[in-house]
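In: let's see this in three dimensions:
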Amino acid sequence: MSSVGSSHPSAPKIMSNATAKAPTKPRKNDLAFLRNIGIIAHIDAGKTTVTERILFYTGRSRNIGEVHDGQATMDHLDEERERGITITSAATTCSWGKYTINIIDTPGHVDFTAEVERSLRVLDGAVAVFDGVAGVEAQSETVWRQADKYEVPRIAFVNKLDRTGASFNFCLESMRTRLGVHPVPIMLPIGLEADYLGNIDLITMKAKYFGEGDDDTAFTERDIPDELKDAANQARHEMIEAACMVDDNLLERFLEDETKISSEEITDALRMGTVQRKLLVVLCGAALRNKGVQATLDGICDFLPSPLDQPPVTGQDKVGEPAVRSCDVDEPFAALAFKTVFDPNGDLTFIRVYSGTGAAGDQFLNTRTGKKERLGRLYRMHAASREPIDACKAGDIVAAVGLKNTNTGDTIADGNNPITLESLDFPDTVISMSIEPKSKGDRDKLSQTLSVLAKEDPTFRAWTDEETNETIIAGMGELHLEVLRHRITREFKVDAECGKPRVAYRQTIDQPRERVEGKHVKQTGGHGQFAVVRMNFEALTETQDIEFVDEIKGGSVPREYIPAVGKGVRDASVKGREFPFPFVGIKCSLYDGKSHEVDSSDMAFQSAGRIAFNLAVAGNQVFLEPMMKVEVLCPEDNLGDVIGDLNSRRANIDEISDRVNLKVITGLVPIAETFNYSSKLRSLTAGRGTYSMEPNGYAPVPKSVRENIVKEIEEMRKAQKS
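Out: Sure, this is the predicted structure:
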């Protein structure tokens, strides 16, 4: 690696392994020197603090914005500054030597996991930040799985090594056990906690001491202290062994004479292993004290991939055949819209350009809608600030004004060479509440506001309850809804009242139902309606989908009507007739039926499918409730009280372990029992307890809880009638 504190001078490394991508050379747009990265981590691990230091050391910001002071550049929303957390992903661009780095700072709270999802979809690499005391935490695992889903190469930064209880080795072990990765430290800390003085660079085998106080702009390079030489030699040996796992040529050199392997060869091999996701390069520091950040910038340039290192993106052409686009300015234009931000002067649409070039004023095709869209003004973003640019090109992440009918997940492409890229999937909402405007004028404003929020946030939903005529808003958690409620009243200035949060329950069937007949026969003069279907229904345990299976043999139901049966089944599953919860996890098999030459139609078979589904589920429902995986940290003195409270919330405790001087409780708890948990935990532990949660599927509702839910539904219906 290059020296800490200097602008990074080296060119991108060329991979030598035969299985790696062919060597690349800088193009006319310097794609080889571009890094599109995200900062990901558990809440409070220090993501935004790391980003703020990166902006300062690259000269992007003149002052360091602190999260705890509400002055962080990347946390630009009022809600973020007040709460001291990141709520929305924010983009910026900076330079480190000859490298350009596009950065997206992502939230750590589970309620805003969609922001992480859509950011990782368009990034080439990521820096995973870990708390030097806590190691891998619950949300660390969540964002790690998201990065795995999109095959994003990562490096790790172990932060907060100056804190009491910090342990670099503990963090490495938690990466192995909880993430299942092969961590490869390229540096070792010199001291810990208050005595954290510097790092040993295992590539150059030099000790680098931080500047005095909080000054990391200068460092002192010395020989490795005698008492750390054995540990450093062992760690370097293990680092080179890991590098040899991905580079056969280096392995031969290693077996001949390990001491003759150069720093450049080690860096090349580690970069190859990072790009291929076979190992995890680990750096360390204390970002709040400005320690280790410049070395991390070097690591971003040295080890994370450029757009040219990624395989071509795949999609479908206009007839549904596979199509690919290489990251090349000479290819037809293709970009993915991954985020929309409301603006009264024209919404901002964030796009990742995968191929070709586009200039302000150019017209392209939205392949989902089939309509033409025009790139109006183009901007390079710096959090909330905008820098106008004339054009965007392959590899860029920019914001555009003028894409009026483009939503998250849409592809914008050359109309003569269209391609539809893979869109984004987001989890279903798990909590909802009613919202009521206080005046007729506010009603119209509320409707417009909810449309704007739904376009911005794919995990936000709004609808009108047919039974109660209430407007319902739904999201990913209590905090998510609270933030949305504040935005509605503060930002959009809608005077409205909200009801209590409600859990988004689901239903499935308790017992399989066989030979269920759905019959839709009507004769009204002239052409009638005739359709008969016979179906089997069974619960699925591995998926929450409604699975429709065609088992027709012999043509008892004509082929052209079978899709209509499936549509009728799915329509019926959206909302139960007896209880207002959608059905999930049911296999619906059509095996027989009847038709009429004249009176059968798509509409008739849709109705027959709907009737069969309703008959199968009548009196056969099981309520399902969303579950949360919870991790609670508390002092040992409060352990009994915390466990007692969790048990009262119907929690299933899996494990109680130790972490430094705290107890760690992990388990599952229904989301219905988590409301106001933060204030209760603070009360039980005198403010010393902390917790984190993440969604963990659905589980059957106990009988007593089901009875209460049914009672509430009946009371609501009675109140509506009166």
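In: could you point out which element follows the helix or strand of the chain with the lowest mean pLDDT?
Out: Across the helices and strands of the chain, mean confidence by mean pLDDT, DSSP states H and E is lowest for helix 78-83: a mean of 62. Sequence-wise, the next helix or strand downstream of helix 78-83 (DSSP states H and E) is strand 90-96.
In: partners of the closest residue in space to Gly689 that isn't next to it in sequence in the sheet?
Out: Excluding its sequence neighbours, the residue lying closest to Gly689 (C-beta to C-beta, 6 or more residues apart in numbering) is Cys634, at 4.0 Å. All C-beta spots, glycine's among them, are computed from the backbone N, C-alpha and C. Under the criterion DSSP bridges, Cys634 forms beta bridges with Lys663.
In: now swap in Tyr209 and tell me
Out: Gly198, Thr220.
In: what about it, distance to Leu202?
Out: 16 Å (C-beta to C-beta, to the nearest Å).
In: who has more neighbours, those two?
Out: Leu202 (24 against 15; other C-beta atoms under 10 Å).
In: looks like the more buried one contacts Ala235 (just checking).
Out: Yes - contact criterion C-beta atoms under 8 Å: Leu202 and Ala235 qualify, at 5.6 Å.
In: beta-bridge partners for Leu421, please?
Out: Gly315.
In: any idea how far it is from Ala337?
Out: 10 Å.
In: name the residues contacting each of the two.
Out: Thr411 (C-beta atoms under 8 Å, 6 or more residues apart in numbering).
In: helix, strand, or coil at Thr543?
Out: coil (DSSP: H, G, I helix; E, B strand; the rest coil).
In: which ones are touching it?
Out: Gly585 are the contacts of Thr543 under C-beta under 8 Å, 6+ apart.
In: from Pro626, how far out is it?
Out: Thr543 is 16 Å from Pro626, by C-beta to C-beta.
In: show me where this structure dips below the pLDDT cut-off.
Out: The model of the chain has pLDDT under 70 over residues 1-29, 62-87, 108, 212-217, 467, 525-526, 722.
In: give me that answer again for 50
Out: 1-29, 67-70 (pLDDT under 50).
In: residue closest to the middle of it?
Out: Glu117 (2.4 Å; C-alpha atoms, centre = their mean).
In: what helix or strand is that residue located in?
Out: Applying DSSP H and E, one finds Glu117 within helix 113-122.
In: so what touches that helix?
Out: By C-beta under 8 Å, 6+ apart, helix 113-122 touches 36, 38, 40, 87-89, 104, 106-107, 126, 142-143, 146-147, 149-150, 152, 336, 338-339, 352, 397, 408, 424, 426-427, 457-459, 476, 694.
In: how much does the following helix or strand past it deviate in direction from helix 113-122?
Out: Using DSSP H and E, the helix or strand that follows helix 113-122 in sequence is strand 125-131. Going by axes from the mean of the first three to the mean of the last three C-alpha atoms, to 10 degrees, strand 125-131 is angled at 140 degrees with respect to helix 113-122.
In: quick one, strands of the stretch 601-722 of the chain?
Out: 621-634, 652-659, 662-670, 690-700 (DSSP state E, counting those that start in this stretch).
In: switch these over to a markdown table; also include distance to Asp362 and mean neighbour count.
Out: Shown next, in a markdown table, are the strands of the stretch 601-722 of the chain (distance: least, C-beta to C-beta, whole Å; neighbours: other C-beta atoms under 10 Å):
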| stretch | distance to Asp362 | mean neighbour count |
| --- | --- | --- |
| strand 621-634 | 44 | 22 |
| strand 652-659 | 54 | 12 |
| strand 662-670 | 51 | 19 |
| strand 690-700 | 40 | 18 |
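In: nearest to Phe254, out of those strands?
Out: For the strands of the stretch 601-722 of the chain, proximity to Phe254 was assessed by C-beta to C-beta; strand 652-659 is nearest, at 36.8 Å.
In: between the closest one and strand 662-670, how many degrees?
Out: 160 degrees.
In: what separates strand 652-659 from the chain centre, distance-wise?
Out: 26 Å (C-alpha atoms, centre = their mean, to the nearest Å).
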